[in-house]
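Engineer: the sequence isn't on hand, but the structure is:
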């Protein structure tokens, strides 16, 4: 019942609607940069709430004011529409 | 060595530079409203980092998309310049 | 379709299984005390994730190492089983 | 005025007092595992408060219930006593 894995052309089509996202190692990838660790971690806290409520958890990392997010859907074996929904919500939070 | 308690006229003067802050029960008081709990808690996480780094912790509450902050300086027996510094940083985070 | 409001005897029965929870102003109420603000806010961050994923948000406040939580279910007009579920999860996080 | 870079023998000596920490790529390295994302992110929120108050920010990542932390002191060009202080505080929070 997993969200189906998207094809390369579906991914290319959907990624063109987003800003700053690329595909790396078969994952949706973006690096955000903020003004400070305080802003970066506030962003992460909001995104964590979205992740838990979607039950869809990112592979992400932080160094000071930078947050890197990598998304794929384990049960689908690739990138699914869930990852694009997550990406959009993260972008909305980043503002 | 506590930051000295400000006089009523000093408080009135400094509060006029801020937006949305009032004095209630001898504390600097403001209610913030966000679009969602996700945004409200992201704000709280950033503010918590500021609080810990200033070693100055607010009396604050949250219901869904609203966050209420009350500030005074226990060691000063009232409102001090620390509270105004905190208020400004919270406003910057709220953006 | 809201979780139905519990009767006084149902509440008394369920609250007896919990530790530290009382009824105040028709809400489930508890004050937690931690060793530091750092621990208190870590608890709040975990509880915030639970709140968002249950779509059930507490009325809560924090001062330094203390966190106070009040729970009721607006759509039910009182305390419902959702509030008890939330209370149990908060207690588990507090450890 | 940076905390001086520790020598290899100083690092080996201090790391022997800790549990689970190793040196990887000239950084203090540990992977924590929790029972859930909820617990993992609560840990991260507490650690973020310590990081900001120490003005010493980790290189860290999270996937679901795992948190990986890498520490060094940029201004010292290696691992310093600040990194060991940070490691101890993270271990205390993990409990």
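Structural biologist: Alright, I've got the coordinates. None of the values given here were measured: they were computed from a predicted structure. Numbers count the residues shown, from 1 in each chain, chains lettered A, B, ... in the order given.
Engineer: any stretches of chain A with poor pLDDT?
Structural biologist: A:1 (pLDDT under 70).
Engineer: how about the residues of it near chain C?
Structural biologist: A:45, A:48-50, A:52-53, A:55 (CB under 8 Å from any CB of the partner chain). From N, CA and C alone the C-beta is placed, and that goes for glycine too.
Engineer: can I get the residues you listed in JSON lines including distance to residue B:14, secondary structure and neighbour count?
Structural biologist: Below are these laid out as JSON lines (distance: CB to CB, whole Å; DSSP: H, G, I helix; E, B strand; the rest coil; neighbours: other CB atoms under 10 Å in any protein chain shown):
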{"residue": "A:45", "distance to residue B:14": "30", "secondary structure": "helix", "neighbour count": "25"}
{"residue": "A:48", "distance to residue B:14": "35", "secondary structure": "helix", "neighbour count": "30"}
{"residue": "A:49", "distance to residue B:14": "34", "secondary structure": "helix", "neighbour count": "28"}
{"residue": "A:50", "distance to residue B:14": "37", "secondary structure": "helix", "neighbour count": "21"}
{"residue": "A:52", "distance to residue B:14": "40", "secondary structure": "helix", "neighbour count": "22"}
{"residue": "A:53", "distance to residue B:14": "40", "secondary structure": "helix", "neighbour count": "18"}
{"residue": "A:55", "distance to residue B:14": "46", "secondary structure": "coil", "neighbour count": "9"}
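Engineer: ok, which of these also contact chain B?
Structural biologist: Answer for the residues of chain A next to chain C near chain B (CB under 8 Å from any CB): A:45, A:49-50.
Engineer: which one among the residues you listed gets closest to chain B?
Structural biologist: Relative to chain B, the closest of these is residue A:45; by CB to the nearest CB it sits at 3.6 Å.
Engineer: how about the contacts made by the closest one?
Structural biologist: B:41-42, B:44-46, C:45, C:48, D:41, D:45 (CB atoms under 8 Å, 6 or more residues apart in numbering or on different chains).
Engineer: nearest to residue B:69, of the residues you listed?
Structural biologist: Among the contacts of residue A:45, residue B:44 lies closest to residue B:69 (CB to CB), at 9.5 Å.
Engineer: list the contacts for that closest one?
Structural biologist: With CB under 8 Å, 6+ apart, residue B:44 has these contacts: A:45, B:60, B:62, B:67, C:44.
Engineer: equivalent analysis for residue A:53, please.
Structural biologist: C:52-53, C:55.
Engineer: how near is it to residue C:52?
Structural biologist: As judged by CB to CB, to the nearest Å, residue A:53 and residue C:52 stand 5 Å apart.
Engineer: cool, residue A:6 as well?
Structural biologist: Residue A:6 is 27 Å from residue C:52, by CB to CB.
Engineer: and residue A:30, by the same measure?
Structural biologist: 22 Å.
Engineer: and residue A:72, by the same measure?
Structural biologist: 23 Å.
Engineer: ok, now residue A:8?
Structural biologist: 33 Å.
Engineer: equivalent analysis for residue A:73, please.
Structural biologist: 20 Å.
Engineer: then residue A:62?
Structural biologist: From residue A:62 to residue C:52 the distance is 20 Å (CB to CB).
Engineer: beyond the strand or helix carrying residue A:11, next helix or strand please.
Structural biologist: Using DSSP states H and E, residue A:11 maps to helix A:8-15. Remark: after helix A:8-15, the chain's next helix or strand is strand A:22-24, criterion DSSP H and E.
Engineer: adjacent strands (with direction) for that following strand?
Structural biologist: strand A:27-33 (antiparallel) (DSSP bridges).
Engineer: ok, residues contacting the strand it pairs with?
Structural biologist: A:15, A:20-23, A:40, A:43, A:59, A:65-72, A:79, A:83-84, A:87, A:90, A:94.
Engineer: and it, how far out from the chain middle?
Structural biologist: 7 Å (CA atoms, centre = their mean, to the nearest Å).
Engineer: residues of that strand that come out buried?
Structural biologist: Neighbour counts over strand A:27-33 (16 or more other CB atoms under 10 Å in any protein chain shown) mark A:27-30, A:32 as buried.
Engineer: with stretch A:11-30 instead?
Structural biologist: Counting neighbours by 16+ other CB under 10 Å, stretch A:11-30 gives A:11, A:14-15, A:21, A:27-30 as buried.
Engineer: between its first and last residues, how far does it reach?
Structural biologist: 15 Å (CA to CA, to the nearest Å).
Engineer: and that stretch, how far from the chain's centre?
Structural biologist: Worked out by CA atoms, centre = their mean, stretch A:11-30 lies 9 Å from the chain centre.
Engineer: could you tell me how many residues sit around residue A:79?
Structural biologist: Residues lying near residue A:79 (other CB atoms under 10 Å in any protein chain shown) number 25.
Engineer: surely it and residue A:23 touch.
Structural biologist: Yes - between residue A:79 and residue A:23 a contact is recorded at 7.3 Å, counting by CB atoms under 8 Å.
Engineer: can you list residues touching both of the two?
Structural biologist: residue A:11.
Engineer: can whichever strand or helix holds residue A:91 be found next to chain D?
Structural biologist: Assigned by DSSP H and E, residue A:91 belongs to helix A:81-94. No - applying CB under 8 Å from any CB, one finds helix A:81-94 separated from chain D by no less than 13.7 Å.
Engineer: ok, that helix near chain B or not?
Structural biologist: Yes - judged by CB under 8 Å from any CB, helix A:81-94 and chain B are in contact via residue A:93.
Engineer: this completes my enquiry, with thanks.
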